[in-house]
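1. Requesting a structural model of the entry that follows:
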Amino acid sequence: MNYKRGKKENMKILGYILSLAGLAAVVLSKPLLVLAQKISPSIKLAYVIVAGVALVAAGVVFLMDRSGSNEVRLAAEEVPIYQGEGKNKRIVGYKKASKK
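-> This next block holds a predicted model:
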């Protein structure tokens, strides 16, 4: 089995983990608040919820597919040669595409 993953797959996995952690933080904000207040009594419920929403937002950013801007579009190797006009147009052959 091939366990190698590309950078894109790793970023998606990180996005899912961050999103799930953020959702869990928002859903379990009351119990997390009790635990956080044992560490520092000044922590409020709003801080825990904001932290959860921030984790969800960060996860969504990692899940967004930004690969379209980095891909190189390749021209077709052959282009069709048409004969006729309008609806009567038909392909009669192909020629090699010129490289720009």
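2. check which helix or strand covers residue 33.
-> helix 29-39 (DSSP states H and E).
3. Other residues contacting that helix?
-> Applying C-beta atoms under 8 Å, 6 or more residues apart in numbering, the external contacts of helix 29-39 come out as 25, 43-45, 47-49, 52. In this view, the C-beta of every residue, glycine as well, is placed from N, C-alpha and C.
4. Which positions in it come out as buried?
-> Neighbour counts over helix 29-39 (16 or more other C-beta atoms under 10 Å) mark 29, 32-33, 36 as buried.
5. ok, so of these, who is nearest residue 7?
-> When these are ranked by distance to residue 7 (C-beta to C-beta), residue 32 comes first, at 31.7 Å.
6. And the residue nearest the centre of the chain, its phi and psi?
-> When C-alpha atoms, centre = their mean is applied to the chain, the residue found nearest the centroid is residue 64 (2.2 Å). Backbone torsions of residue 64, given as degrees, to the nearest 10, read phi -60, psi 140.
7. Tell me how far it lies from residue 25.
-> 21 Å (C-beta to C-beta, to the nearest Å).
8. before we move on, what about residue 38?
-> Taken as C-beta to C-beta, the span from residue 38 to residue 25 is 17 Å.
9. one step back: can I get the CA coordinates of the helix holding residue 33 in CSV?
-> Extracted in CSV, the C-alpha atoms of helix 29-39 (Å, rounded to 0.1, in the frame of the first residue of the first chain):
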residue,chain,number,x,y,z
SER,A,29,-18.4,25.1,25.4
LYS,A,30,-20.0,24.8,28.9
PRO,A,31,-17.8,21.8,30.0
LEU,A,32,-14.8,23.3,28.4
LEU,A,33,-15.5,26.6,30.3
VAL,A,34,-15.4,24.7,33.6
LEU,A,35,-12.0,23.1,32.7
ALA,A,36,-10.6,26.4,31.4
GLN,A,37,-11.7,28.3,34.6
LYS,A,38,-9.8,25.9,36.7
ILE,A,39,-6.7,27.0,34.8
